[in-house]
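Peer 1: turn this into a model:
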Amino acid sequence: MERFDSKLMPPRDQIVLVISRIYRSGLTTTSGGNISMIEENGDIWVTPAAVDKGSLTSSDIMQVRSNGEIIGPHKPSSEFPFHRAILQKRKDLKAVIHAHSPALVAFSIVRQFPNTNLIPQAKDICGDIGYATYELPGSEALGSSIASEFAKGHHAVILENHGVVVGGIDLKDAYERFETLEFCARAIIRARTFGEPKFLKDSDINRFNSKFASFPPEMDQTDYPADEREIRYTICRMIRRACDQGLMIGTYGTMSSRWRGNDFLITPRNVTRWNIHPEDIVQMKDGKREKDKLTSRSVLLHQEIYQRHHDINAIISTQAPNIMAFSVTGKQFEDRTIPESWILLQDVPLIPFEEHFSSNEKLSSRISSTTPVMIIQNDSILVTGKNILHAFDRLEVAEFSAMSILLSAQLGPMVPINEKQIEDLRKAFRNVI
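Peer 2: Predicted structure coming up:
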């Protein structure tokens with residue numbers, strides 16, 4: 001995969017890459033959604049009007065010069081007036097995304113906006129959300145309404161009966177804000193299938209950020225033998241698969257794999273997950289991190305798990321959307337749905353958010369051969385395995401089981417596998433469990 005680079009990649013290529021990802025992720029339609037970027041000289045690059053979002057090429061992207069001249073084979077997006085108005089009003093913003101993503105449209109048509117205090121990192125990414133009243137699409141009035149909200153300092157604005165607009169210091173920043181806001185909207189809607197989501201206080205988020213502000217010390221020199229490089233490629237491949245399957249978002253998701261002894265490799269902090277590359281992965285050796293790289297915030301927990309549990313060789317923590325319905329409501333995840341689910345996952349405990357602030361030793365002690373998976377309230381699901389594929393399989397099974405439970409809530413009360421049937425499974429599959 002070509003590395004997404006906001007500084008080196010031409011604007012038209014950045015726009016094609018991001019709009020294609022939005023479309024493939026089911027967050028806009030063939031005709032819906034538009035993206036713009038502005039250059040230092042005032043020229044604006046924008047998606048075209050009435051061109052299939054699933055097959056755009058860089059030659060389709062339109063350029064509107066600062067003097068108003070239009071360059072390209074199509075017409076600029078019909079929503080170009082509000083893109084221009086935002087970029088003129090907010091000189092700190094260099095990219096704008098508008099999309100009709102389903103969950104955010106749902107909020108827009110009930111005239112609400114999602115509370116991003118759902119998970120620790122979302123509020124910092126999304127900021128305070130603005131709200132623009134309805135105006136005719138493509139009109140100057142709509143542009144004025146939206147731009148006035150951005151002028152208040154918002155980086156994201158819910159459009160009444162129209163979806164969302166987000167801005168960023170570059171296109172990567174804008175996309176991560178859009179994806180995170182849509183994630184929060186979906187998680188809240190799923191949670192309300194069977195409960196009421198619980199939100200974090202600002203003090204909880206500040207305490208969380210303080211807890212994970214430091215990093216392990218750096219090593220002086222790093223070696224990259226063949227077996228180490230192979231792990232890097234495996235982690236990247238599985239991280240991208242997780243993003244493609246909706247099991248991770250670009251701003252969050254940690255994967256690590258044991259290398260030799262208690263040394264391991266882990267995903268970095270502040271690198272977009274769907275565009276991660278082998279050179280981004282961080283080596284942890286003798287408790288020290290690879291020089292000039294920042295590890296995922298949960299690195300010390302992963303380190304403690306590897307030291308305590310020698311049969312665990314891979315760990316994944318992420319915010320899979322259906323699982324998060326249980327995480328944010330505090331409802332117990334009952335995986336006794338089908339035999340295969342329980343055999344692979346066992347009973348999954350729900351860990352209070354407060355345990356983040358206890359010792360890593362205490363949290364790692366929650367994991368065992370009979371408890372390979374746990375859900376942390378308002379944070380994530382953590383799964384372990386004998387290798388990365390094994391852990392990934394557990395993650396998929398947990399997410400599918402959560403989806404089945406949410407769907408079944410529309411049909412009637414769930415009837416789980418009973419205790420005698422569980423005991424039969426323990427006996428029959430004792431060598432698997």
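Peer 1: from here on, just use CA atoms for contacts and neighbour counts.
Peer 2: Fine.
Peer 1: next one, pLDDT for the residue most central in space within the chain please.
Peer 2: Nearest to the geometric centre of the chain sits Ile249, at 1.8 Å (CA atoms, centre = their mean). At Ile249, the predicted lDDT confidence score is 94.
Peer 1: list the contacts of it.
Peer 2: 179-180, 183, 243, 273-274, 319 (CA atoms under 8 Å, 6 or more residues apart in numbering).
Peer 1: quick check: it vs Cys243, distance?
Peer 2: Taking CA to CA, to the nearest Å as the measure, Ile249 falls 6 Å from Cys243.
Peer 1: what residues do those two have in common as contacts?
Peer 2: By CA under 8 Å, 6+ apart, the residues touching both Ile249 and Cys243 are 273-274.
Peer 1: where along the stretch 51-200 of the chain do the helices fall?
Peer 2: 80-89, 102-109, 122-126, 140-150, 171-191 (DSSP state H, counting those that start in this stretch).
Peer 1: brain fart, the stretch 301-433 of the chain
Peer 2: Under DSSP H, counting those that start in this stretch, the stretch 301-433 of the chain gives helices at 321-329, 339-345, 360-364, 388-408, 419-428.
Peer 1: who are the packing partners of the second one?
Peer 2: With contacts defined as 3 or more CA pairs under 8 Å, 6 or more residues apart in numbering; DSSP states H and E, the secondary structure elements packing on helix 339-345 are helix 388-408, helix 419-428.
Peer 1: again, but for the longest one
Peer 2: For helix 388-408, the contact count by 3+ CA pairs under 8 Å, 6+ apart identifies helix 226-244, strand 314-318, helix 321-329, helix 339-345, strand 380-385 as packing neighbours.
Peer 1: nearest to Trp45, out of the ones you listed?
Peer 2: helix 226-244 (26.7 Å; CA to CA).
Peer 1: just after that closest one, pick out the following helix or strand.
Peer 2: Going down the chain from helix 226-244, the next helix or strand is strand 254-258, by DSSP states H and E.
Peer 1: what average pLDDT does that following strand get?
Peer 2: pLDDT averaged over strand 254-258 gives 98.
Peer 1: continuing past that strand, what's the next helix or strand?
Peer 2: Defined by DSSP H and E, the subsequent element after strand 254-258 is strand 264-266.
Peer 1: which residues does that next one contact?
Peer 2: Counting by CA under 8 Å, 6+ apart, 231-232, 254-259, 281-285, 295-296, 299, 303 sit against strand 264-266.
Peer 1: and the gap between Arg289 and Ala226?
Peer 2: In terms of CA to CA, Arg289 sits 19 Å off from Ala226.
Peer 1: what do you get for Asp204?
Peer 2: Taking CA to CA, one finds Asp204 at 42 Å from Ala226.
Peer 1: compare these two (neighbour count), which wins?
Peer 2: Neighbour count, other CA atoms under 10 Å: between Asp204 and Ala226, Asp204 has more, with 15 against 8.
Peer 1: who's in contact with the nearest residue to Ile169 once chain neighbours are set aside?
Peer 2: For Ile169, ignoring the flanking residues on the chain, the nearest one in space by CA to CA, 6 or more residues apart in numbering is Leu93 at 4.7 Å. Leu93 makes contact with 87, 167-170 under the criterion CA under 8 Å, 6+ apart.
Peer 1: from Ile316, how far out is the closest residue to Asp227 other than its chain neighbours?
Peer 2: Closest residue to Asp227 apart from its sequence neighbours, by CA to CA, 6+ apart: Trp259 at 7.9 Å. From Trp259 across to Ile316, the span is 15 Å (CA to CA).
Peer 1: more neighbours: which of the two?
Peer 2: Ile316 (25 against 17).
Peer 1: with adjacent residues omitted, what lies nearest to that one?
Peer 2: Met255 (4.5 Å).
Peer 1: try Ala314
Peer 2: Nearest to Ala314 is Ser257, by CA to CA, 6+ apart, at 4.4 Å.
Peer 1: for burial, what's the neighbour tally of that neighbour?
Peer 2: Residues near Ser257, counting by other CA under 10 Å: 29.
Peer 1: same question, the one 3 residues further on
Peer 2: Burial of Arg260 is recorded as 12 neighbouring residues (other CA under 10 Å).
Peer 1: how far away is it from Lys285?
Peer 2: 9 Å.
Peer 1: correct me, but Tyr131 touches Asn161?
Peer 2: No. Taking contacts as CA atoms under 8 Å, Tyr131 lies outside contact range of Asn161: 10.8 Å.
Peer 1: more neighbours, these two?
Peer 2: A direct count of neighbours by other CA under 10 Å for Tyr131 and Asn161 places Tyr131 higher, at 22 against 19.
Peer 1: beta partners of the more buried one?
Peer 2: Ile158 (DSSP bridges).
Peer 1: how close does Lys89 sit to Gly167?
Peer 2: 12 Å.
Peer 1: look at the two and report which has more neighbours.
Peer 2: Neighbour count, other CA under 10 Å: between Lys89 and Gly167, Gly167 has more, with 31 against 15.
Peer 1: any idea how far the residue nearest to Ala314 lies from Thr384?
Peer 2: Distance from Ser257 to Thr384, by CA to CA: 10 Å.
Peer 1: any shared contact partners between these two?
Peer 2: 313-315.
Peer 1: looking at the residues you listed, spot the one nearest Ile35.
Peer 2: Of these, the one sitting nearest to Ile35 (CA to CA) turns out to be Ile315, at 36.0 Å.
Peer 1: from Thr371, how far out is the nearest residue to Trp45 once chain neighbours are set aside?
Peer 2: Among residues not flanking Trp45 along the chain, Gln63 sits closest, at 4.5 Å (CA to CA, 6+ apart). Distance, Gln63 to Thr371, using CA to CA: 55 Å.
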